[in-house]
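**Q** Structure for the following, please:
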Amino acid sequence: MNHKQKLGYTVLGAVIMLIGIGVGSIVSPPLIAQRNGVFDEIQCTTLTMVDKAGNPAIDLFARDEVNGIIAFDKSGKPAISLLSAEEGVNGIAIYSPAGEEAVILVATEQQSEIDIYNPAGVKAIKLFSDSEILANGVTVYNQTGVNAVNLASHKELGNRVILCDKTGNAKWTRP
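**A** Numbering: from 1, shown residues only. Next up, the predicted model:
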């Protein structure tokens, strides 16, 4: 094959390619997934964002029993979660670096509650407000998770302080 033939085939290939591009753009215009830098709408039941190594970083989900968002730390353990577990129950959980629940905030129509856990994962303190029993209070637990001290403001019983023994039985109550 001489130089003129090679040049002819190259020009013919270029012309065919240009015709293909022109016909393709007329027959099927390009898809536009984004307009003015903003997506219109994305619908899915789970969306997981991953870091460069492919580990989950943020998980957004909508399931039959729970909707929520979970943010993970660099090691892949949960760091913070926002959940709507059932109708009328919402919560936020903050996790320790070991992946254990450290602080939980829960709100329902009748009660608001904050639970704080020690590093071993045992409940240490509970703050609550309950409209069903008309009480507000604080409970401090011992290292094994048993009631140690209760402070409460109860509509019918009044203000109360309760000190408990190691097994959680009330030993001293005032007033």
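**Q** Would you map the helices across the protein?
**A** Applying DSSP state H to the chain gives helices spanning 3-27.
**Q** Tell me how it divides into domains.
**A** Annotated domains of the chain cover 42-100, 110-175 [automatic domain parsing].
**Q** Select, out of the ones you listed, the one closest to residue 21.
**A** Comparing those by their distance to residue 21 (CB to CB), the top pick is domain 42-100, with 30.2 Å. In short, each C-beta sits where N, CA and C put it, glycine included.
**Q** closest to residue 26 out of the domains of the chain?
**A** Nearest to residue 26 among these is domain 42-100; the distance by CB to CB comes to 29.5 Å.
**Q** if we can go back for a sec, now the domains of the chain in CSV, please, with extra columns for mean pLDDT.
**A** Below are those laid out as CSV (pLDDT from 0 to 100):
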stretch, mean pLDDT
domain 42-100, 90
domain 110-175, 92
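**Q** Need the ones you listed in TSV (columns: distance to residue 8 and mean neighbour count).
**A** Shown next, in TSV, are the domains of the chain (distance: least, CB to CB, whole Å; neighbours: other CB atoms under 10 Å):
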stretch	distance to residue 8	mean neighbour count
domain 42-100	49	13
domain 110-175	78	14
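**Q** Just send these back as CSV, with distance to residue 13 too.
**A** Formatted as CSV, the domains of the chain follow (distance: least, CB to CB, whole Å):
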stretch, distance to residue 13
domain 42-100, 40
domain 110-175, 69
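**Q** Identify the bridge partners of residue 111.
**A** Beta bridges link residue 111 to residue 130, judged by DSSP bridges.
**Q** list the contacts for it?
**A** Applying CB atoms under 8 Å, 6 or more residues apart in numbering to residue 111 gives the contacts 128, 129, 130, 131, 132.
**Q** Let's have those in TSV, adding distance to residue 86.
**A** Formatted as TSV, the contacts of residue 111 follow (distance: CB to CB, whole Å):
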residue	distance to residue 86
128	19
129	20
130	18
131	18
132	17
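**Q** and which of those residues is nearest to residue 150?
**A** Comparing those against residue 150 with CB to CB places residue 128 closest, at 10.5 Å.
**Q** Find me whatever residue is spatially closest to that closest one, sequence neighbours aside.
**A** Once flanking residues are discounted, residue 128 sits nearest to residue 113: 4.6 Å by CB to CB, 6 or more residues apart in numbering.
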